[in-house]
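**Student:** Based on what follows, work out the 3D shape:
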Amino acid sequence: MNRWVRIGLIILAMVILLQVGLGVLVLGLRLISAFFPLLMLIGVGLILYGLIQHWRHRLKRREHAYHDLLED
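**Tutor:** Numbering: from 1, shown residues only. Alright, predicted model coming up:
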């Protein structure tokens, strides 16, 4: 094979790989945009759940500290 044929084949292979890669990327972006509202709701739900758990834990610590003060 001639040098120019090899270079042409390499360029052709790179273009095909880029086209496939960009196609996968576009498909991923379409899926993310389709499920974006659901992902937003899940994210907000997890944030609220974490905040509620944090507040409950702080309230329990306060109650224990208050009862410890009463026992002394």
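**Student:** Please compute how far the lengthiest helix in the chain lies from its chain's middle.
**Tutor:** Looking across the chain with DSSP state H, the single longest helix is helix 36-71. Relative to its parent chain, helix 36-71 has a centroid offset of 23 Å by Cα atoms, centre = their mean, to the nearest Å.
**Student:** now do stretch 35-49
**Tutor:** That offset, for stretch 35-49, works out to 11 Å (Cα atoms, centre = their mean).
**Student:** And stretch 24-36, by the same measure?
**Tutor:** Relative to its parent chain, stretch 24-36 has a centroid offset of 13 Å by Cα atoms, centre = their mean.
**Student:** in that stretch, what's buried?
**Tutor:** Across stretch 24-36, burial judged by 16 or more other Cβ atoms under 10 Å covers no residue at all. Bear in mind the C-beta positions are built from the backbone N, C-alpha and C, glycine included.
**Student:** where does this protein have low pLDDT?
**Tutor:** Confidence mapping of the chain against pLDDT under 70 gives the ranges 66-69, 71-72.
**Student:** how is this structure carved up into domains?
**Tutor:** The chain resolves into domains spanning 1-34, 35-72 when parsed by automatic domain parsing.
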